[in-house]
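Visitor: Any chance you could fold what I've pasted below:
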Amino acid sequence: MKQAGIPCRVVDVMPKQGIVMTDRDTLGNTYPYLGNVMMICAKADREFHPSAHFHVVQNQVDVQNPKNAMWHPFAVPHWKQPGIIPRDVHRGTRVENIAFVGTRTNLAPELKSEKWSQALANLGCHWVPIFDPKKWNDYRHLDAVIAVRGFDNNPHPHKPASKLVNCWSAGVPAILAPESAFMAVRQSDRDFMVIRSIDDAIQAVKTLKQNPDLYSSMVENGQNRAQEFSDEKVTEYWVHFFQNYVFPQYPQWLDLPESVRLFQFSKRYATLKINRMRNRIRKNRGIKSQGAQNQRMSQQFSS
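Guide: Have a look, this model is predicted:
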């Protein structure tokens with residue numbers, strides 16, 4: 001940020017006044033009222049934090065949701081994977097190595113099944129999931145990447161479009177579930193292939209394998225789209241955020257009566273607690289519902 005012209009420095013002690021930015025994990029589960037300090041929280045896929053006036057989010061859904069207005073969300077694209085090694089151009093349009101790049105818990109159960117690996121084998125393809133974070137930047141031998149957390153229509157409103165942007169940057173076609181972050185940046189069918197079931201996934205691989213022109217078109221399109229998410233472009237988003245939102249609002253925010261700022265903080269804190277309580281209730285209801293369903297199934301089998 002300093003190189004981009006934003007005056008800043010690293011601190012390890014909270015100042016009495018000023019603008020401070022940190023990430024949600026660093027803030028943890030303590031929620032102090034910060035007085036004359038305007039806190040900016042890089043939220044990632046976590047909860048909003050009551051002590052923060054601004055939240056930098058990675059999905060436009062967080063901004064578009066009117067319920068989030070009190071948290072002052074501002075969307076900035078996530079940085080792409082550092083040190084991406086692009087796909088080897090000598091692989092041409094071959095479709096053999098199909099990969100998932102990420103943590104095992106973010107891969108749909110259907111894509112861990114024998115049906116999936118066998119279907120790929122029948123197409124002359126290899127299933128090569130990459131779970132090791134040290135290898136997440138290496139796309140040299142990958143011919144397509146599939147990313148599905150689950151075939152349950154969950155839009156995952158707090159997740160970024162990182163997997164898609166990484167594929168664009170690496171020159172690898174992406175096969176994705178219709179998550180909100182992906183759909184928000186989608187401009188054409190060439191951006192990525194949308195799948196809603198394991199059968200869709202199998203068909204997508206088959207389509208890519210049988211259509212070299214489509215493969216080449218998706219790679220070329222992705223390389224063009226990747227320019228929109230280069231490090232330089234993401235830096236421009238950050239500079240715009242500070243120059244047009246943070247810096248102009250800080251003096252106005254300081255001019256507010258202390259009672260108003262304290263009320264705003266208290267409202268955010270109460271909202272966090274209420275949301276947590278609602279989530280616990282939903283979770284408990286889900287567990288009870290699943291338990292009742294399992295009991296009914298057991299009774300059916302026993303009878």
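Visitor: where does the chain dip in pLDDT?
Guide: 286-303 (pLDDT under 70).
Visitor: switch the cut-off to 90
Guide: 1-8, 12-13, 279, 282-303 (pLDDT under 90).
Visitor: Which residue ranges of it form strands?
Guide: Assigned by DSSP state E, the strands in the chain fall at 17-23, 36-42, 52-57, 73-75, 97-99, 126-127, 144-147, 174-176, 193-194.
Visitor: so can I have TSV of the ones you listed showing distance to Asn244?
Guide: Every C-beta, even on glycine, is put in place using the N, C-alpha and C of the backbone. Compiled in TSV, the strands of the chain are given as follows (distance: least, C-beta to C-beta, whole Å):
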stretch	distance to Asn244
strand 17-23	14
strand 36-42	14
strand 52-57	12
strand 73-75	10
strand 97-99	39
strand 126-127	46
strand 144-147	33
strand 174-176	32
strand 193-194	34
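Visitor: Can you lay out those strands as CSV showing mean neighbour count?
Guide: Converted to CSV, the strands of the chain look like this (neighbours: other C-beta atoms under 10 Å):
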stretch, mean neighbour count
strand 17-23, 15
strand 36-42, 19
strand 52-57, 23
strand 73-75, 20
strand 97-99, 22
strand 126-127, 16
strand 144-147, 25
strand 174-176, 24
strand 193-194, 19
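Visitor: what's the neighbour count on Phe265?
Guide: Phe265 has 20 neighbours, counted by other C-beta atoms under 10 Å.
Visitor: tell me the contacts of it?
Guide: Residues near Phe265 by C-beta atoms under 8 Å, 6 or more residues apart in numbering: Tyr33, Pro50, Ser51.
Visitor: Repeat the analysis, applying 7 Å as the threshold.
Guide: For Phe265, the contact set (C-beta atoms under 7 Å, 6 or more residues apart in numbering) comprises Tyr33, Pro50.
Visitor: cool, and the one 4 residues further on?
Guide: For Tyr269, the residues meeting the contact criterion (C-beta under 7 Å, 6+ apart) are Tyr31, Pro50.
Visitor: make it 10 Å
Guide: Residues in contact with Tyr269 (C-beta atoms under 10 Å, 6 or more residues apart in numbering) are Tyr31, Tyr33, His49, Pro50, Ser51.
Visitor: how close does Trp238 get to Asp231?
Guide: 11 Å (C-beta to C-beta, to the nearest Å).
Visitor: quick one: which of those two has more around it?
Guide: Trp238 (17 against 10).
Visitor: how close does that one sit to Leu254?
Guide: Distance of Trp238 to Leu254, given as C-beta to C-beta: 22 Å.
Visitor: The chain: helices as residue ranges?
Guide: 24-27, 60-64, 114-122, 162-170, 180-185, 198-210, 212-226, 231-241, 247-255, 258-302 (DSSP state H).
Visitor: ok, now which ones touch the residue nearest to the spatial centre of the chain?
Guide: Compute the mean C-alpha point of the chain, and by C-alpha atoms, centre = their mean the closest residue is Pro160, 2.0 Å away. Applying C-beta under 10 Å, 6+ apart to Pro160 gives the contacts 44-45, 57-59, 75-79, 179, 181-182.
Visitor: redo that, cut-off 6 Å
Guide: Residues near Pro160 by C-beta atoms under 6 Å, 6 or more residues apart in numbering: Gln58, His78, Ala181.
Visitor: Tally up the residues packed near the first one, please.
Guide: Read that as Gln58. Neighbour tally, Gln58, other C-beta under 10 Å: 20.
Visitor: Check the second one too.
Guide: Residues near His78, counting by other C-beta under 10 Å, number 17.
Visitor: Ignoring the adjacent residues along the chain, who's closest to it?
Guide: The shortest distance from His78 to any non-neighbouring residue, by C-beta to C-beta, 6 or more residues apart in numbering, is to Pro160 (4.1 Å).
Visitor: With the last one instead?
Guide: By the measure of C-beta to C-beta, 6+ apart, the closest residue to Ala181 outside its immediate chain neighbours is Ala161, 4.1 Å from it.
Visitor: and what of the first one?
Guide: Closest residue to Gln58 in three dimensions, ignoring its sequence neighbours and counting by C-beta to C-beta, 6+ apart: Pro160, at 3.8 Å.
Visitor: and the gap between that neighbour and Pro129?
Guide: For Pro160, the distance to Pro129 - C-beta to C-beta - is 20 Å.
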